[in-house]
Each structure stands twice: as structure tokens, then as C-alpha cells.
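Asker: turn this into a model:
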Amino acid sequence: MPREISPTHSAYLELREERQGMEEGYHFLDEKRLILAAEILGELQRYEAALAEFRRAYATAVESLKAALARHGLEELQALPGGGPWQGALAVRPRSVLGVLINQVDCHLGENREAPPPAGSPEAEACREQFAGLLPLAAQLATMTGNLERLSYEYGRTARRARALEDVLLPELEQELKTIDSALEEQEREEAIRARARV
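Answerer: Numbering: from 1, shown residues only. Have a look, this model is predicted:
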């Protein structure tokens, strides 16, 4: 709903100050949008590199599984002891980008407290090690996915606010300023006419 504003000089000056504040807010949101977009692109590049590394490691693990299956067969391979539970360290390094939490994670598998029982063959041991090696890569991918979700959410919210200012609030304010300016000019003309009539 349009605001009811008396066409006075003080109202005109207040609206100009309000417009200046909105313009500053829009420029801030626009700059924030650019920074978030750059951060999203950088995180996407890191994610794609990590995903490619995970896929290579997964393909190697699948090949080792095929070799273990060829050596032992499915039933015997299922009966072989696993290597878990795995011991390791997960180091999370958080940072903030305009209020958005960005995590970097380093996951390292350590030695098991108890040595795992023999896997039964070099093929089975290689299979166990290859699949265990996927855990740190999966942790990195999960962390990057969370980063991208938070960045995407904040970017969308910032873009909506910037569009609201650019497409709705600033044009409405500009129209109100023009209306008051026209009314003030009309008042000045009427006052000039009345002044001449009194002379």
C-alpha cells in the first residue's frame, strides 16, 4: 500500500535520506552477492577436484574388490575378517565468509588399536585398504557439500533482498519523491500567484 506523506520540504528531505540509505544497502548486498558467488565458484572447483579424486580411488577399490572376488569367491570373501573399527583423526578448520561458515576438514586414518586379523590374501588385504582409503575422501566431499549448501542459501537470500530493493522499494521511493517534488512546485506556483494578486 502506498504511504500517505504530506508534501512538505521536511518530508522530501527525509525521503531523500531514506533513499540514500537504501542505495547504500543495495550496493552492500550487490557486493556481498559477488563475493558469495566467487566463493561458490572456488568451492565448486575444489569439490570437483575432490570428487574426481574420489572417483579414481573408488574405481581402484572396485578393481581390488574384483580381484579379491576372483581369488576367494563371494561367500569366502564375506567370511573374511574386516579391518574396523577404524581409528583416525578428523581436524576441522572453520572460517567465516560474510557470516557464512566454511569448513575445511582433514581426515587421517590411524593405526587400529588392535592389529586387524590377516585378510587371507594379498588381494583381500588390498581390497580392505583401498576401501578404507575412501573414508577421508568421503569426509572431504561431505564437508564441501555442506559448505556449498550454506553458501547457496545465503546467496539466494542476499539476491532476493537486493532484487527487492532494486525492483520494488527504490522505484517506489523514487516515485514518492517525484510526487512530493511536483506537489511542492505546485505549492510554490500557487504562492507566487497569490503574492502577485495581493500586490
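Asker: tell me, what residue is most central in the chain?
Answerer: Geometric centre of the chain, nearest residue: residue 151, 0.7 Å, by CA atoms, centre = their mean.
Asker: thinking that one is in contact with residue 39, fair?
Answerer: Yes - using CB atoms under 8 Å, residue 151 is in contact with residue 39, at 5.8 Å. (C-beta placed from N, C-alpha, C; glycine too.)
Asker: what is in contact with these two at once?
Answerer: 97, 100, 102 (CB atoms under 8 Å, 6 or more residues apart in numbering).
Asker: from the contact counts, what lies against the biggest helix by length in the chain?
Answerer: Criterion DSSP state H: the longest helix present in the chain is helix 9-72. For helix 9-72, the contact count by 3 or more CB pairs under 8 Å, 6 or more residues apart in numbering; DSSP states H and E identifies strand 88-97, strand 100-109, helix 122-132, helix 134-164, helix 170-198 as packing neighbours.
Asker: repeat that for 10 Å
Answerer: helix 74-79, strand 88-97, strand 100-109, helix 122-132, helix 134-164, helix 170-198 (3 or more CB pairs under 10 Å, 6 or more residues apart in numbering; DSSP states H and E).
Asker: direction included, what does the third one pair up with?
Answerer: For strand 100-109, sheet partners with direction are given as strand 88-97 (antiparallel), following DSSP bridges.
Asker: so what touches the partner strand?
Answerer: For strand 88-97, contacts defined as CB atoms under 10 Å, 6 or more residues apart in numbering pick out 32, 35-36, 38-40, 42-43, 101-112, 132, 135-136, 139, 143, 147, 150-151, 154.
Asker: do stretch 20-40 as well
Answerer: So stretch 20-40 is contacted by 97-100, 102, 147-148, 151-152, 154-166, 169-170, 173-174 (CB under 10 Å, 6+ apart).
Asker: point out where the protein drops to low pLDDT.
Answerer: 1-5, 82-86, 110-119, 199 (pLDDT under 70).
Asker: which residues does residue 62 contact?
Answerer: Residue 62 touches 127, 130, 131, counting by CB under 10 Å, 6+ apart.
Asker: among those residues, which one lies nearest to residue 121?
Answerer: Nearest to residue 121 among those is residue 127, at 9.3 Å by CB to CB.
Asker: what sits against the closest one?
Answerer: Applying CB under 10 Å, 6+ apart, the residues contacting residue 127 are 61-69, 71-72, 77, 80, 119, 121.
Asker: do the same with residue 152
Answerer: 36, 40, 43, 100.
Asker: 8 Å instead?
Answerer: Residue 152 touches residue 40, counting by CB under 8 Å, 6+ apart.
Asker: ok, it to residue 180 distance?
Answerer: Residue 152 sits 41 Å away from residue 180, going by CB to CB, to the nearest Å.
Asker: okay if I get the helices and strands packed on helix 9-72 as a markdown table plus distance to residue 24?
Answerer: Converted to a markdown table, those look like this (distance: least, CB to CB, whole Å):
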| stretch | distance to residue 24 |
| --- | --- |
| helix 74-79 | 66 |
| strand 88-97 | 21 |
| strand 100-109 | 22 |
| helix 122-132 | 54 |
| helix 134-164 | 12 |
| helix 170-198 | 11 |
